[in-house]
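> sequence unknown, structure follows:
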């Protein structure tokens, strides 16, 4: 009997547990380790931060649902990985042996790289549920005494979609409250242009997103590097196409949400360069295995992917839901093959599908593959995208509770978009 340990129980780790169980059968042991007892649907965090959702809407307890699939669960963080010994060490000192390790930790949030950034500083975050809940508490105070908003993503960030979503969601919420006219808003981003998204743009994302920002009276600064944040003021350096500073901005704000850069979590990063790149992201081959330790796999935001292109201010590449789903399927299949002494042969299809909510409308992006040049680059806007994202939230939570291994993006999302022919 093999013991398969999965570190992380979010949008990569939970599906990985179910898919691996379905592939390897009941005779092997699977253990999921996670620092929280709750599964939280991270894409809902922008809604939580304005009070459109609460904790009960977007979470459920992990253990009873994993137990139904005969999967063990330990709600405790990992403090050390010993790949040469095939062991992980938990926060209480417990040592667990593994035959296969799947790293699905997500990122560490690098707020410390910008002075004054983050919930411990002067800006809000929607990266985690507690951060989003804290942001909502500040939002409730803000709407009683509105003022300027600064929103966006700092240098080194790789996940730009939620920043756009939150800007538009705040705009929609302020319009509902009939106080939008009291709130100047500026979008600050390290992207070289609006709609770059860390993907080099998708279709006419530049023109469409610029149009949406104009229509919503949101100003923007691109090629932006945030040097520091003080209470009520952000200091931003704007750069030209050659990466040279061209303008210094001092932006006052009464409310700010800025996405940070990501890096690998400490337990993973501390293993060293054979496992991770300089930012602490896990190195994987085309089969999602680490090149040195072939019994270590990784899925999701924690894996190393190079930027799609060099940009004047550093940006990263996002790991989107469809991409993560295909990574999970590949890992489950390849572990099964290895257990059966067969060659690993499943590769992830690194395509991008994004349903970006904009409060009362939305934009759908499809990039195949995610990194250009592409076979398909498609985008559409409409209210239907907003409703599609709401439906997707409900279906994904239902899927996780049911322990389903259905390929939700390919089977349902692309079908709902009417573009399955693009596959």
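The structure has been received and is ready for your questions. This is a predicted model, so every value here is computed, not measured. Numbers count the residues shown, from 1 in each chain.

> domains in the chain, as residue ranges please.
3-109+263-348, 111-261 (automatic domain parsing).

> show me what contacts the residue nearest to residue 209 when sequence neighbours are not counted?
Distance criterion CB to CB, 6 or more residues apart in numbering; nearest residue to residue 209, sequence neighbours excluded, is residue 195 at 3.7 Å. Glycine gets a C-beta too; all of them are placed from N, C-alpha and C. Counting by CB atoms under 8 Å, 6 or more residues apart in numbering, residue 195 touches 201, 202, 205, 206, 207, 208, 209, 210.

> How many neighbouring residues does the third one have?
Looking back up the chat, that one is residue 205. 24 (other CB atoms under 10 Å).

> burial of the residue lying closest to residue 40 once chain neighbours are set aside, as a residue count?
In space, and not counting its chain neighbours, residue 40 is closest to residue 129: 4.4 Å by CB to CB, 6+ apart. By the criterion of other CB under 10 Å, residue 129 has 22 neighbours.

> can you offset everything so residue one is 34?
Done: numbering now begins at 34, and the last item shifts to residue 162.

> tell me the contacts of residue 162?
So residue 162 contacts 71, 73, 75, 78, 81, 88, 91, 92 (CB under 8 Å, 6+ apart).

> ok, 10 Å please
Residues in contact with residue 162, defined by CB atoms under 10 Å, 6 or more residues apart in numbering, are 69, 71, 73-75, 77-78, 81-82, 86-88, 91-92.

> part of a helix, is the residue nearest to residue 242?
No: per DSSP: H, G, I helix; E, B strand; the rest coil, residue 228 lies outside any helix segment and is coil.

> where along the stretch 84-233 of the chain do the strands fall?
Assigned by DSSP state E, counting those that start in this stretch, the strands in the stretch 84-233 of the chain fall at 92-94, 105-107, 111-115, 120-123, 128-130, 133-136, 141-142, 182-186, 218-222.

> rewinding a little: confidence score at the residue nearest to residue 242?
As predicted, residue 228 sits at a pLDDT of 95.

> do the one 3 residues further on as well
For residue 231, the model assigns a pLDDT of 93.

> That one and residue 195 touch, don't they?
No: if you go by CB atoms under 10 Å, residue 231 and residue 195 don't touch, sitting 11.7 Å apart.

> Between these two, which contacts overlap?
Shared contacts of residue 231 and residue 195 (CB under 10 Å, 6+ apart): 186, 351.

> Flag the helix or strand of the protein with the lowest per-element mean pLDDT.
The least trusted helix or strand in the chain, going by mean pLDDT, DSSP states H and E, turns out to be helix 447-450, with a mean of 65.

> Compare the domains of the chain and give me the one nearest residue 408.
Closest approach to residue 408 among these (CB to CB): domain 144-294, 12.8 Å.

> distance between the ends of the closest one?
The first and last residues of domain 144-294 sit 7 Å apart, counting by CA to CA, to the nearest Å.

> Can you tell me the number of residues neighbouring residue 97?
Residue 97: 10 surrounding residues under other CB under 10 Å.

> whoops, residue 349 was the one
Residues near residue 349, counting by other CB under 10 Å, number 26.

> That one against residue 342, yeah?
No: taking CB under 10 Å as the definition, residue 349 is not a contact partner of residue 342, at 11.4 Å.

> so what sits against both of the two?
Contact criterion CB under 10 Å, 6+ apart; residues shared by residue 349 and residue 342: residue 231.

> Among the contacts of residue 228, which one lies nearest to residue 322?
Comparing the contacts of residue 228 against residue 322 with CB to CB places residue 235 closest, at 29.1 Å.

> State the helix or strand in which the closest one lies.
Residue 235 belongs to no helix or strand when assigned by DSSP states H and E.

> Give me the phi and psi angles of it.
phi -130, psi 110 (degrees, to the nearest 10).

> and it, what does it touch?
Contacts for residue 235 were tallied using CB under 10 Å, 6+ apart; they are 228-229, 241-242, 385, 387, 396-400, 403, 405, 407, 409-412.

> how does it look with 7 Å?
The neighbours of residue 235, taking CB atoms under 7 Å, 6 or more residues apart in numbering as the test, are 398, 400, 410, 412.

> By neighbours, which of the residues you listed wins?
Counting neighbours by other CB under 10 Å, the top entry in the contacts of residue 235 is residue 400, with 29 neighbours.

> No further queries at this time; thank you.
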